[in-house]
Every structure is written in C-alpha cells, then in structure tokens.
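[1] just to be clear, the model below is a prediction. Sequence and coordinates:
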Amino acid sequence: MRRNLDPLQVEQVILHKLNMKLKSPFMTSFGTFDDKEFFVVEMIDEKGNIGFGESVAFSSPWYSEETVQTSEHMMRDFLIPMLLESPIDHPDDVYSRFSTIRRNNMAKSALEGAVWDIYAKRQGKSLATALGGEKKEIDVGISIGIQSSVKELLTVIEGFAAEGYKRMKIKVKPGWDVEVMREVRKAFPGLPLMVDANSAYTLKDKEHLKQLDDLDLMMIEQPLAHDDIFDHAVLQRELETPVCLDESIHSFEDARRAIELGSCKIINIKIGRVGGLSESVRIHDYCQNHDIAVWCGGMLEAGVGRAHNIALTTLANFTLPGDTAGSSRYWEKDIISPEVIVTNGKIHVPENPGIGFDINRTALNEYTVTKTEFSR
Ligand SMILES: O=C(O)CCC(=O)C1=CC=C[C@@H](O)[C@@H]1C(=O)O
Ligand SMILES: [Mg+2]
C-alpha cells in the first residue's frame with residue numbers, strides 16, 4: 001500500500017448545499033430531473049490547504065437508495081466526526097476508516113474526494129497524477145435522455161454529434177427501445193452508440209432485447225434489476241451485445257463476483273456509487289487484469305464532480321468514452337473556473353495541483369441554499 005510520511009489532519013469541513021437548475025429536463029426510465037440538489041464539500045487541513053468533493057446522491061431514491069437528505073445525515077452525524085478524529089496517512093485509508101458504516105457510498109465518496117484533492121495539492125501533483133493516471137486528454141461521450149419523439153431524438157443526436165462527442169448513450173425503456181434504436185442506427189450508420197435501461201427489464205424480455213444485437217451497439221447498460229448479477233449472467237450468455245453493469249456494482253467485491261459469474265463484459269465506474277476514488281482505482285485495476293473494459297459514468301455532476309471524473313478517467317483501462325460531458329451539457333453557469341470544455345469529443349486534463357480547477361465562488365454562492373461548518 002502507498003504510504004504518506006506527511007499525515008494530513010482535517011481541521012474543518014464546510015457543507016455547501018446547492019440547488020442548480022438543469023438547462024433542460026433529463027428523462028430516464030425511472031423519472032425526470034429538472035434540477036439538482038447536492039453538496040459541495042469544502043475541506044481544510046492543518047496547513048490551510050483546501051480540497052473539494054461533490055456528493056452525487058439525488059433528491060429522490062430512484063437511482064439508488066441514497067438521497068440528498070440521507071447523505072447529509074450520514075456526513076454530519078457519522079462520517080465527518082470520524083474524519084476529524086485523527087490524522088490520515090493516505091486517502092486510501094478513508095475507505096477503511098469508513099468501513100464500519102454500511103454502504104452510504106455517495107456520502108462517503110463526497111468526503112473522500114475532498115481528502116484526495118488535499119492530498120494531491122500537498123504533493124504538488126494533479127489529482128490525475130496522484131491517482132496514477134497518465135492520459136493528457138480523455139475521450140468523452142454524452143448521455144441522452146428519453147425524448148418526446150424519435151424525430152426530436154434524432155435532432156438532439158445530430159446536435160451532439162456536431163459538437164464532436166465520441167459516442168451517444170441513449171436512454172431506453174419498454175416502449176422506447178428497439179424500434180427507436182433502429183431509426184437511430186438508420187440515420188447514423190457509423191456512430192458509436194449504446195443504450196442504458198436503468199433496470200427497466202426482466203429476463204422475460206430476453207427475446208425482445210436480443211433484437212438489439214443487429215444494431216451494432218457498443219453495449220447495453222444495466223438492462224435488469226439494480227441489485228442483480230445472476231440474471232444478467234443469463235442474459236449476457238444469450239446476447240451478443242456486451243452487457244455493462246452500473247447500478248449493480250457498489251464495490252470491488254461486487255465487481256469481482258460479477259466478472260467471475262460472467263454477468264457483464266464492461267463496467268461503468270461511478271465514483272460515488274462505489275464509495276470513492278480509492279475503490280474506483282481498485283475496481284479499475286481488477287478489470288484491467290481480467291480484460292474487462294471500464295468507463296466513467298456520470299451523475300449530472302457540477303464542476304467539482306466532473307473534475308474528479310476527469311482525473312479518474314486518465315487511468316489506462318478507461319478505454320471507452322465516459323459520460324463526463326462539458327459543463328454546458330447541463331448548466332448555464334458551472335461552479336468551477338475554467339469550465340469543462342469539450343473539443344472534438346476530448347477534454348484536456350488539467351495539470352495544476354489537485355482537481356486542477358478553481359472554484360467560482362460567485363457562482364457557488366449564487367447556487368448555495370445552506371452552508372454548515374464542522375470543526376475539530
Ligand atoms: O451525463 C451524466 O452525468 C450521465 C447521466 C446519466 O446517464 C445518468 C445519471 C444518473 C442516473 C441515470 O439516469 C444515468 C445512468 O444510469 O448512468
Ligand atoms: Mg446507467
């Protein structure tokens with residue numbers, strides 16, 4: 001294990017609760033997002049370094065059981081006191097320090113991300129380098145919600161293709177799937193395409209889903225239940241299209257079991273879902289050793305979360321474009337400076353220490369609903 005001879009002591013944590021309105025509603029098989037409520041974690045160490053993390057839990061427990069309110073409770077009443085208690089040798093230790101608390105990975109990850117940012121800044125390294133990443137730029141795709149008509153969907157895809165995004169992920173659900181994707185494939189014959197079902201199907205839909213095999217999709221993401229890896233293995237044996245797991249993977253152990261069972265050929269790593277950057281790196285490394293491709297998913301993050309996703313994606317086995325689109329995908333104005341810019345489907349990885357972006361305090365304050373401080 002990597003050791004740090006300069007233990008860091010967290011002195012203060014500030015939870016900024018923000019509410020940001022999306023430029024346009026984002027519809028999935030489980031619900032529609034109009035705005036995003038979340039926390040920016042600001043953390044200060046004993047030397048005055050400041051690190052930032054972002055919580056990704058949504059207001060409602062649709063995607064996972066965590067919500068903005070449950071993560072606030074977990075951070076305030078359990079996790080922050082555990083962090084303030086004693087110095088940390090290495091950010092990897094945060095995961096083990098939190099291990100007596102079951103799950104609540106998004107709450108844990110928001111804090112762990114800020115510790116990683118401070119750690120990288122203390123070392124004078126970018127977060128990407130501190131994590132072991134080497135890419136100078138990353139390929140990105142974009143996630144497209146369910147639209148009101150196929151015509152509308154084709155227009156949206158055309159717009160993002162013109163912006164240069166490397167692949168399009170189309171949200172599907174029963175009644176908005178095979179026929180729609182046939183139309184999309186017909187209109188865009190060479191476009192890298194995938195679908196995400198957010199658990200909208202069961203094994204009874206196997207024959208229906210097999211029709212997707214004709215459409216040259218990069219993968220189908222999370223077709224079956226959010227807590228399943230067994231039925232996904234059955235489905236993967238029958239489908240030519242690779243299955244990618246999202247909701248089902250909460251830890252390194254989940255990934256190991258899914259891979260041993262043959263439940264997927266690809267894993268979408270979301271930092272918040274797996275409890276932080278350290279666990280993300282462990283999953284990445286294991287997948288790399290088992291020929292399982294990974295990519296970095298998104299949770300409609302604002303700039304701080306986006307910066308963490310960019311840093312993680314610089315690791316070698318992130319071979320597929322992620323969902324880390326530019327700041328302008330969801331926001332009129334982001335909370336970081338400069339904003340994340342996508343050029344020809346690529347994001348340049350910042351080289352400044354830590355997350356590599358400054359916080360735009362004016363924007364942060366504008367979106368802040370409440371602010372709570374915790375000190376040692
Ligand atoms: O652009 C992004 O941040 C990704 C958006 C996206 O596809 C998702 C975000 C949150 C929940 C889901 O709807 C979905 C996903 O499952 O990956
Ligand atoms: Mg998904």
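    Happy to help now that I have it. Worth saying up front: this structure is predicted, and the values here are computed from it rather than measured. Numbering: from 1, shown residues only. Ligands and ions are numbered 1, 2, ... in the order given.
[2] neighbours around the closest residue to ligand 2 within the stretch 51-200 of the chain, how many?
    At 4.4 Å from ligand 2, D196 is the closest residue in the stretch 51-200 of the chain, using CB to the ion. Quick note: C-beta positions are derived from backbone N, CA and C, even for glycine. By the criterion of other CB atoms under 10 Å, D196 has 26 neighbours.
[3] got the contact list for D227?
    Contact analysis of D227 by CB atoms under 8 Å, 6 or more residues apart in numbering lists 247-248.
[4] so it: helix, strand or coil?
    coil (DSSP: H, G, I helix; E, B strand; the rest coil).
[5] would you quantify the distance from it to I271?
    According to CB to CB, to the nearest Å, D227 and I271 sit 20 Å apart.
[6] go on, E207?
    From E207 over to I271 the distance is 36 Å, taken as CB to CB.
[7] go on, L154?
    32 Å.
[8] neighbour count for these two, which is higher?
    More neighbours surround I271 than the other of L154 and I271, with 31 against 17 (other CB under 10 Å).
[9] my guess is E351 contacts L127. True?
    No. With contacts counted by CB atoms under 8 Å, E351 stays clear of L127, the gap being 10.4 Å.
[10] buried residues in stretch 230-248, which are they?
    231-236, 239, 241-248 (16 or more other CB atoms under 10 Å).
[11] specify which member of those residues is nearest to ligand 2.
    Taking these together and measuring to ligand 2 by CB to the ion, the closest member is D246, at 3.6 Å.
[12] would you check that the closest one makes contact with G272?
    No. When contacts are counted by CB under 8 Å, D246 is not listed as touching G272 (11.8 Å).
[13] before we move on, the earlier item: ok, and the closest non-adjacent residue to the residue of the stretch 51-200 of the chain closest to ligand 2?
    E221 (3.9 Å; CB to CB, 6 or more residues apart in numbering).
[14] what number of residues lie near the one you found?
    27.
[15] tell me who's in contact with it.
    Here E221 is in contact with 169, 194-198, 244-246, 268 (criterion: CB under 8 Å, 6+ apart).
[16] narrow these to those in strands?
    Within the contacts of E221, residues falling in strands by DSSP state E are 169, 194-196, 244-245, 268.
[17] ok, D228 to ligand 2 distance?
    14 Å (CB to the ion, to the nearest Å).
[18] so who does that residue touch?
    Contacts of D228 (CB under 8 Å, 6+ apart): S248.
[19] thanks a lot, catch you later.
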